[in-house]
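Asker: When you get a sec, could you give me coordinates for this:
(chains A and B)
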Amino acid sequence: MTLEMAAEAEPAAPGRTTALGGGRRTAFLVVLIAALASLYPFASLILTSVLPPLNGHPFELWQQLFTQIPVGTFMLNSAIVAGGAMVLVSVVSCMAGYGFSKLPFPGSTQLFAVLVAALSVPQATTIIANYFNFAAVGGVGTYWGPILMYAAGSTPFSVILMTNFFKALPNELVESAVIDGASYRQVFTMIMAPLAAPAVTTVAVLCFLGSWNDLLVALLWLPDQGERTISVGIASLVGTRSSNLELILTGSLFSALPPILAFVLFQRYLVSGIVSGIGR
Amino acid sequence: MSVAAVGTRKSMEPAGRRFDPRTFSMRLNGVLFTLPAMLLVGLVMVLPLGQAAYYSFTNWNGARADWTGWTNYLNMLYDPELRRSLVNSLCFLASVPFGLIPPFIVAYLLHKDIPGNRLFRALIFAPTALSWVVIGMVGRQFFALRGPLSGVVGLLGLSPPNWLADSSFALAAVILTFNAAIFGINTIIFLTGLATVDRSTIEAAWLDGASERQVIWYVILPAMRRFVEFVLIITVITSATGIFAMIFTMTGGGPGSATLTLEFAVWRRAFATGGFGAGAAIGITLMVVTLVAVGLIRLLARDRSQA
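Answerer: The predicted model follows:
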């Protein structure tokens, strides 16, 4: 114990204790400041929401939020569209990843290139045409409209991630099962899909966060009060109750709870998913 | 081992002209398994992209679309609001070093084995959980007339402006908020990159008497070049195409068009004033600007690695 402490107290010599050099005290201070600054948004949201407003009592803002704004409906709507998109993109990208990696067909390389190219099409570029297309088939003002929009938006990235995941698995897995009489569909449902659970989790969490946090599509597709997602519900308070920024911040904090929970639970998958684009 | 690999390879490859039921089944299943994803991308990305390209040459108002040639694109330069949005988007692009350098410094310092390393890492990553809607709201409060920033400026004995309502401060405030918001994720990606750098190379450089700055510049940065390039590209793409919600909740593009970006201008032109043809042209311009920026980064990154 004392020996360890003595070792700790010894100043770090550059190139010895750490490969990256000395200056640990300054480093500690800078990192501490950065970490404290990172807490600012949370501190700001939490403090604002629990401090009493002018002539009010503590937690009054939470009370106002639940009585004046249908936040329950908003949250449910968000859960439906984000959950729907998450399930859809998980299934679709897992299937496509299997197809592209293990079942090559004439033109599959070119199709995959289309997916890679689709990565660089901004949502804003296609939003107008999408809106009119969906309106033409009755997809505006419905849940399935945004579900398809969100799922399609995260499909290119998700399929690429799944394809890379399956490519790393040996072809013999498929081959031997097929020789033993399994169909390609059985290989997928019984071998490949279960193996892909970690990658599917990454895809699912990223899609859920993206869909839950989206504003543009929900704003256009679900404008009616009863269908609004929580993001739209909170964002549209800005115009109507701009004087009550405190209430809006309380609502913002409430809206952020599910993504924060998902973030805490699946942080590992998030980082691996985000940096997965680098390996290629 | 190699025999098995060859055998597998042979059966995975298309079997020439002769009809082979298993190859056929594999190809058919390949098509069927990729079909749902390709349908989604085809109908919700490729088709609308084509339509947007077409409508960008028309004065489409939702009902009629007459061919107007390059008018919408020339308006990007002549229409004061659109010109402003183009300039603002370029300002966002120019601010990218602010979104990269502080995260790199903090990641580098975090990578030294300082006490509380894991806790700090978690705290710094935490704001990434917040949506752009929420970040915009926090920014709105930070820069509010009676907000924290004005409070500090007031303490210094100065009279603070109404930051977000003042066209000389609003854009800077929005850009600052953006760069603060991406600090956490960029730091974490840099940390991931630093973890891939070979420690023995760094130690060799130390032993050769290199200074810390030299080690960073000549050993660490080149070794994690792909990560730097990646952070640069996602920062550029996010700033250009991913912060509609932040601008919506923070300033709504205002005052006037002071914080209007290309991305936000698509929405304003198309859905607030009904100029769908013009909106489509802004959207295509946005895509081209982003692609050019990303292409330039790739090109520069390649040059540096060859030099």
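
Asker: And for the residue of the stretch 51-200 of chain B found nearest chain A, nearest residue in space, chain neighbours not counted?
Answerer: Among the residues of the stretch 51-200 of chain B, residue B:131 lies closest to chain A, at 3.3 Å counting by CB to the nearest CB. Placement of C-beta: from N, CA and C, glycine included. What sits nearest to residue B:131 in space, not counting adjacent residues and going by CB to CB, 6 or more residues apart in numbering or on different chains, is residue A:213, at 3.3 Å.

Asker: so where's the chain uncertain?
Answerer: Since you didn't name a chain, this refers to chain A. A:1-22, A:239-243, A:279-280 (pLDDT under 70).

Asker: Correction: the question concerned chain B.
Answerer: B:1-18, B:303-307.

Asker: Would you pull up how far the longest helix anywhere in it lies from the middle of the chain?
Answerer: For chain B, the longest helix by residue count, based on DSSP state H, is helix B:276-306. Its chain's average C-alpha position is 11 Å from that of helix B:276-306, according to CA atoms, centre = their mean, to the nearest Å.

Asker: One more: stretch A:248-257?
Answerer: On CA atoms, centre = their mean, the centre of stretch A:248-257 falls 17 Å from that of its chain.

Asker: next one: stretch B:238-247
Answerer: 8 Å.

Asker: now do stretch B:32-45
Answerer: 24 Å.

Asker: cool, and stretch A:139-157?
Answerer: 15 Å.

Asker: what do you get for stretch A:138-154?
Answerer: Using CA atoms, centre = their mean, the offset of stretch A:138-154 from its chain centre is 17 Å.

Asker: In it, which residues are buried?
Answerer: For stretch A:138-154, a neighbour-count test (16 or more other CB atoms under 10 Å in any protein chain shown) marks A:139-140, A:142-154 as buried.

Asker: Looking at those residues, which two lie furthest apart in space?
Answerer: For these, with distances taken as CB to CB, the pair at the greatest spread is A:140 and A:154 (20.4 Å).

Asker: wait, what's in contact with residue B:251?
Answerer: B:140, B:164, B:170, B:174, B:258, B:259 (CB atoms under 8 Å, 6 or more residues apart in numbering or on different chains).

Asker: give me that answer again for 7 Å
Answerer: Listed by CB atoms under 7 Å, 6 or more residues apart in numbering or on different chains, the contact partners of residue B:251 are B:164, B:170, B:174, B:259.

Asker: Pretty sure residue B:37 sits against residue A:92.
Answerer: Yes: the pair residue B:37 / residue A:92 is scored as a contact, 4.7 Å apart, by CB atoms under 7 Å.

Asker: all helices of the stretch 101-250 of chain A, in order?
Answerer: A:108-118, A:123-136, A:144-167, A:172-179, A:184-186, A:193-195, A:197-213, A:216-221, A:230-235, A:237-240, A:245-274 (DSSP state H, counting those that start in this stretch).

Asker: and the third one, what does it pack onto?
Answerer: The reference is to helix A:144-167. helix A:71-102, helix A:108-118, helix A:123-136, helix A:197-213, helix A:216-221, helix B:21-41 (3 or more CB pairs under 7 Å, 6 or more residues apart in numbering or on different chains; DSSP states H and E).

Asker: could you give the angle of it to helix A:123-136?
Answerer: Put simply, helix A:144-167 runs at 130 degrees to helix A:123-136, going by axes from the mean of the first three to the mean of the last three CA atoms, to 10 degrees.

Asker: quick one: helix A:144-167 to chain centroid distance?
Answerer: On CA atoms, centre = their mean, the centre of helix A:144-167 falls 12 Å from that of its chain.

Asker: now the angle from that helix to helix A:71-102?
Answerer: Using the same axes, to 10 degrees: helix A:144-167 against helix A:71-102 is 40 degrees.

Asker: So which elements touch the host helix or strand of residue A:34?
Answerer: Using DSSP states H and E, residue A:34 sits in helix A:24-38. Applying 3+ CB pairs under 7 Å, 6+ apart, one finds that helix A:24-38 contacts helix B:96-111, helix B:117-125.

Asker: Give me the buried positions along the longest helix of chain B.
Answerer: B:276-287, B:289-290, B:293-294, B:297, B:301.

Asker: now stretch B:192-203
Answerer: Applying 16+ other CB under 10 Å to stretch B:192-203 flags B:192, B:193, B:194, B:197, B:202, B:203 as buried.

Asker: Could you do stretch A:97-112 as well?
Answerer: A:97, A:98, A:99, A:100, A:101, A:102, A:103, A:104, A:105, A:108, A:111, A:112.

Asker: mind putting these in a markdown table, distance to chain B included?
Answerer: Shown next, in a markdown table, are those (distance: CB to the nearest CB, whole Å):
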| residue | distance to chain B |
| --- | --- |
| A:97 | 9 |
| A:98 | 6 |
| A:99 | 3 |
| A:100 | 6 |
| A:101 | 10 |
| A:102 | 8 |
| A:103 | 3 |
| A:104 | 6 |
| A:105 | 4 |
| A:108 | 6 |
| A:111 | 6 |
| A:112 | 9 |
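
Asker: Can you show me the helices along the stretch 151-300 of chain B?
Answerer: Using DSSP H, counting those that start in this stretch, helices in the stretch 151-300 of chain B cover B:170-181, B:183-196, B:199-207, B:212-214, B:221-223, B:225-241, B:244-250, B:262-267, B:276-306.

Asker: and of those helices, who's closest to residue B:51?
Answerer: Nearest to residue B:51, of the helices of the stretch 151-300 of chain B and by CB to CB, is helix B:276-306 at 7.9 Å.

Asker: What is the neighbour count of residue 263?
Answerer: By default, I'm working from chain A. By other CB atoms under 10 Å in any protein chain shown, the residues close to residue A:263 number 18.

Asker: The chain in question should be chain B.
Answerer: 27.

Asker: ok, now how distant is it from chain A?
Answerer: For residue B:263, the distance to chain A equals 5 Å [CB to the nearest CB, to the nearest Å].

Asker: ok, the residue nearest to that residue when sequence neighbours are not counted - contacts?
Answerer: Nearest non-adjacent residue to residue B:263, counting by CB to CB, 6+ apart: residue A:124, 4.7 Å away. Contacts for residue A:124 (CB under 7 Å, 6+ apart) come out as B:241, B:244, B:263, B:266, B:283, B:286.

Asker: One more: residue B:270?
Answerer: If you count contacts by CB under 7 Å, 6+ apart, then residue B:270 has A:128, B:276, B:279 around it.

Asker: Pretty sure the second one sits against residue B:63.
Answerer: The one in question is residue B:276. No: Residue B:276 is beyond contact range of residue B:63, at 9.6 Å (criterion: CB under 7 Å).

Asker: Relative to residue A:42, how far out is residue B:48?
Answerer: 38 Å (CB to CB, to the nearest Å).

Asker: ok, those two, which is more surrounded?
Answerer: Comparing residue B:48 with residue A:42 by neighbour count (other CB under 10 Å), the higher total belongs to residue B:48, at 26 against 18.

Asker: can you tell me the helix or strand for the more buried one?
Answerer: Assigned by DSSP H and E, residue B:48 falls in helix B:47-55.
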